[in-house]
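Participant: Please find the sequence and the predicted model below.
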Amino acid sequence: MSQRIAEPYEHYIGGEWTAGESEETFESANPATGETLGQFQRGTDREVERAVATAEEAAAEWRALSYTDRAEYLWEIYHELRDRTDELGEIVTKECGKEIAEGRADVVEAYHMVEWAAGNARHPHGDVVPSEIAAKDASMRRKPRGVVGCITPWNFPVAIPFWHMAVSLVEGNTVVWKPAEQTPWCGQIIAEMFEDTGIPEGVFNMVQGYGDAGEAIVDSPDVDTVLFTGSAEVGHEIAGEIGGEAGKLAACEMGGKNGIVISEEADMDIAVHSAVMSSFKTTGQRCVSAERLIVHEDIYEEFKDRFVEIAEEVSVGDPFEEDTFMGPLADADQVEKVRGYNDLAREESDEVLVDREELSEEEIPAGHEDGLWVGPFVYETEYDSEMRSTQEEAFGPHVALIPYSGEIEAGIAIHNDTDYGLAGAIVSEDYRQINQFRDHAEVGLAYANLPCIGAEIQLPFGGVKASGNGYPSAREVIEAVTERTAWTLNNSKDIQMAQGLSADITTNED
Ligand code: NDP
């Protein structure tokens with residue numbers, strides 16, 4: 001744990017560490033062992049109010065700096081994230097249970113995002129636009145929106161905060177951030193990094209806490225943009241609330257019920273490899289994890305045999321062991337939720353093919369008896385759009401095998417028959433089928449002959465339908481944290497209008 005200050009660890013508001021007014025604290029626990037990792041102050045609406053007020057006060061000075069001057073603070077963070085990747089990767093693994101290579105990848109993704117945002121400070125912002133009138137210069141310019149409230153989930157506890165904050169800050173906004181209650185230690189370290197850069201007081205603020213602190217950010221009249229990544233349940237509530245408030249904007253990225261269509265033309269090795277990674281990597285706790293494998297009837301039995309064989313054997317265990325494929329679930333609520341969906345699938349589906357919900361004693365690593373272990377759960381079912389287990393996000397290693405028959409369109413129709421639209425993949429050697437999927441899959445992220453996983457920060461990352469409004473990451477989030485001004489300057493002494501509009505002023509005497 002950080003040595004910066006004594007426990008309980010505090011909020012970072014206006015350039016100072018502060019306990020705030022609430023006496024209440026909460027703890028972070030290692031989901032693989034149950035060990036307590038630290039105690040944290042639990043923020044309330046009062047701490048959020050203070051943080052928003054200080055962010056507002058700091059806004060004028062911050063936006064007056066050049067893009068490159070603002071980016072300097074982010075470059076320091078970039079170097080620190082790079083230098084401390086192994087150490088921070090271990091903290092990610094301890095706090096949210098991802099296996100260690102994924103813990104490090106979370107930090108790598110974070111510094112890629114910071115690099116993009118800071119590097120973008122030297123790129124053109126806005127457009128020069130031709131005018132119909134030769135004497136007019138027209139352009140689009142951007143301005144920061146003001147205070148950006150960032151609310152982030154636990155499953156990428158270092159990367160996602162930087163998806164939100166790196167671009168927001170370089171574009172000239174000040175920030176109030178609430179990390180997830182499961183990963184406050186990662187939050188503490190990120191706040192320490194900002195402090196170390198000497199960023200002006202009030203530009204970056206962090207309030208630790210629960211959902212009510214997030215709600216206070218959403219409710220604050222002085223927060224101009226809310227960036228939210230998390231569940232659809234919370235995200236739609238936020239989008240609904242903010243949608244009704246003039247001048248405020250919410251960019252919400254939420255979950256999915258992602259699927260892979262495996263056609264009769266699939267390369268079986270690629271199909272099995274992609275499906276196992278998509279369903280079980282990160283213990284199924286990626287927003288892009290696939291919980292539906294939609295497989296053509298001609299190859300269904302072969303695929304099922306091979307997929308089930310691996311699902312029975314895939315290694316679940318100590319996330320610090322390099323040969324572990326799946327770590328624990330992140331917290332007790334996650335365990336309850338995933339078990340609930342497993343029970344539902346037991347009732348609704350035709351047959352359960354793999355049930356490792358309770359790991360055997362030999363599978364649980366020594367010293368990890370209190371870990372939150374839930375292994376793969378695989379079931380098969382004829383497609384029925386009324387089934388909740390194939391429609392709702394379980395967010396765990398819970399996956400349905402669904403056969404389809406006929407043309408690729410039939411597989412894609414099942415794939416699209418969900419309220420969500422985050423990610424999806426096709427496995428096929430037929431380019432016509434692949435292109436059909438590319439053009440008709442109702443998702444924000446689509447993959448072919450690959451796992452349904454991947455977030456290179458230079459690509460857009462966001463869903464459609466109930467999964468989001470498509471803002472984060474990198475380039476797209478600029479739209480959510482800036483306002484555009486259409487700027488037109490007349491270089492002539494005469495006033496001339498576009499679209500044939502007359503500029504003549506006529507009077508009664510004419
Ligand atoms: P939650 O929606 O439960 O929480 C996300 C954040 O919102 C947390 O900081 C949480 O605080 C906070 N929060 C909770 N209630 C409110 C509220 N009423 N108002 C404002 N803020 C609130 O999601 P999880 O943390 O459980 O994350 C998992 C979900 O995130 C999955 O559905 C996953 O698919 C999705 N996700 C989406 C991604 C995408 O890019 N589309 C990427 C990663 C995850 P607290 O921690 O205290 O609950």
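Facilitator: Right, received. Where do you want to start?
Participant: Kindly confirm my reading that residue 260 is in a strand.
Facilitator: Yes. Assessed by DSSP: H, G, I helix; E, B strand; the rest coil, residue 260 belongs to a strand.
Participant: Quick check: phi and psi at residue 54.
Facilitator: When read as degrees, to the nearest 10, the backbone of residue 54 gives phi -70, psi -30.
Participant: residue contacts, it?
Facilitator: Residue 54 makes contact with 13-14, 201-202, 205, according to CB atoms under 8 Å, 6 or more residues apart in numbering. The way it works is simple: take the backbone N, C-alpha and C, and place the C-beta from them, glycine included.
Participant: If any of those residues are buried, give me the ChimeraX selection for them.
Facilitator: Command for ChimeraX that selects the buried part of the contacts of residue 54, burial taken from 16 or more other CB atoms under 10 Å:
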select :13,14,202,205
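Participant: Sort out for me which of the contacts of residue 54 are in strands.
Facilitator: Using DSSP state E, 13, 205 are the members of the contacts of residue 54 that sit in strands.
Participant: Quickly name whichever of the contacts of residue 54 is closest to the ligand.
Facilitator: residue 205 (15.0 Å; CB to the nearest ligand atom).
Participant: isn't the closest one right next to residue 17, touching?
Facilitator: No. Here residue 205 does not reach residue 17: they are 11.4 Å apart, not a contact under CB atoms under 8 Å.
Participant: Any chance you could list residues touching both of those two?
Facilitator: Shared contacts of residue 205 and residue 17, counting by CB under 8 Å, 6+ apart, come down to residue 11.
Participant: Can you pull the residues of this protein lying near the ligand?
Facilitator: 151-156, 178, 180-181, 210-211, 214-215, 218, 229-231, 234, 237-238, 253-255, 287, 393, 395, 422, 463, 468 (CB under 6 Å from any ligand atom).
Participant: make it 5 Å
Facilitator: Residues of the chain lying close to the ligand by CB under 5 Å from any ligand atom are 151, 153-154, 180-181, 210-211, 214-215, 229-231, 234, 253, 255, 287.
Participant: Now list the buried members of those residues.
Facilitator: 151, 153-154, 180-181, 214-215, 229-231, 234, 253, 255, 287.
Participant: From those, which land in strands?
Facilitator: Going by DSSP E, the strands hold 151, 229, 253 from those.
Participant: Let me see the domain layout of this protein.
Facilitator: Domain segmentation of the chain under automatic domain parsing yields 27-254+468-487, 258-448.
Participant: related to what we said a few turns ago, adding pLDDT, write the contacts of residue 54 out as TSV.
Facilitator: Below are these laid out as TSV (pLDDT from 0 to 100):
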residue	pLDDT
13	98
14	98
201	98
202	98
205	99
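Participant: residues in contact with stretch 137-147?
Facilitator: Residues from elsewhere that reach stretch 137-147 (CB under 8 Å, 6+ apart): 52, 55-56, 59, 63, 125-131, 171-176, 222-225, 249, 478, 481-489, 491.
Participant: so what strands line up beside the host helix or strand of residue 487?
Facilitator: If you go by DSSP states H and E, residue 487 is part of strand 482-490. Using DSSP bridges, strand 482-490 pairs in its sheet with strand 136-144 (antiparallel).
Participant: And the partner strand, what's buried?
Facilitator: 136, 138, 142, 144.
Participant: cool, stretch 58-74 as well?
Facilitator: Using 16+ other CB under 10 Å as the test for burial, stretch 58-74 gives 58-59, 62, 70-74.
Participant: Take those and keep only those in helices.
Facilitator: 58-59, 62, 70-74 (DSSP state H).
Participant: The buried residues of strand 136-144: which two are farthest apart?
Facilitator: With CB to CB as the measure, no two of these lie farther apart than 136 and 144, at 26.4 Å.
Participant: re the thing from before, greatest separation within the buried ones among the residues of the chain next to the ligand: which pair is it?
Facilitator: Longest span within those, CB to CB: 215 and 287, 21.4 Å.
Participant: Which member of the residues of the chain next to the ligand is positioned nearest residue 160?
Facilitator: Residue 160 lies nearest to residue 229 out of the residues of the chain next to the ligand, by CB to CB, at 5.2 Å.
Participant: doesn't residue 162 make contact with the closest one?
Facilitator: No. Contact criterion CB under 8 Å: residue 229 and residue 162 do not qualify, at 11.6 Å.
Participant: Out of the contacts of stretch 137-147, which end up buried?
Facilitator: Using 16+ other CB under 10 Å as the burial test, these include 52, 55-56, 59, 171-176, 223-225, 249, 478, 481-482 as buried.
Participant: Counting only helices, which of those residues make the cut?
Facilitator: Using DSSP H, 52, 55-56, 59, 478, 481 are the members of the buried ones among the contacts of stretch 137-147 that sit in helices.
Participant: quick revisit: among the domains of the chain, which comes closest to residue 496?
Facilitator: Using CB to CB, the domains of the chain put domain 27-254+468-487 closest to residue 496, at 4.8 Å.
Participant: Could you tell me the end-to-end distance of the closest one?
Facilitator: 51 Å (CA to CA, to the nearest Å).
Participant: now stretch 285-302
Facilitator: The first and last residues of stretch 285-302 sit 27 Å apart, counting by CA to CA.
Participant: same thing with stretch 199-210?
Facilitator: 26 Å.
Participant: before we move on, what about stretch 479-497?
Facilitator: Using CA to CA, first and last residues of stretch 479-497 are 29 Å apart.
Participant: Would you mind listing the outside residues contacting that stretch?
Facilitator: 126, 129, 131, 133, 135-145, 148, 167-168, 171-173, 225, 227, 249, 251, 471-472, 503.
Participant: Let's see that with 6 Å instead.
Facilitator: 133, 135-143, 145, 148, 168, 171, 173, 225, 251, 471, 503 (CB atoms under 6 Å, 6 or more residues apart in numbering).
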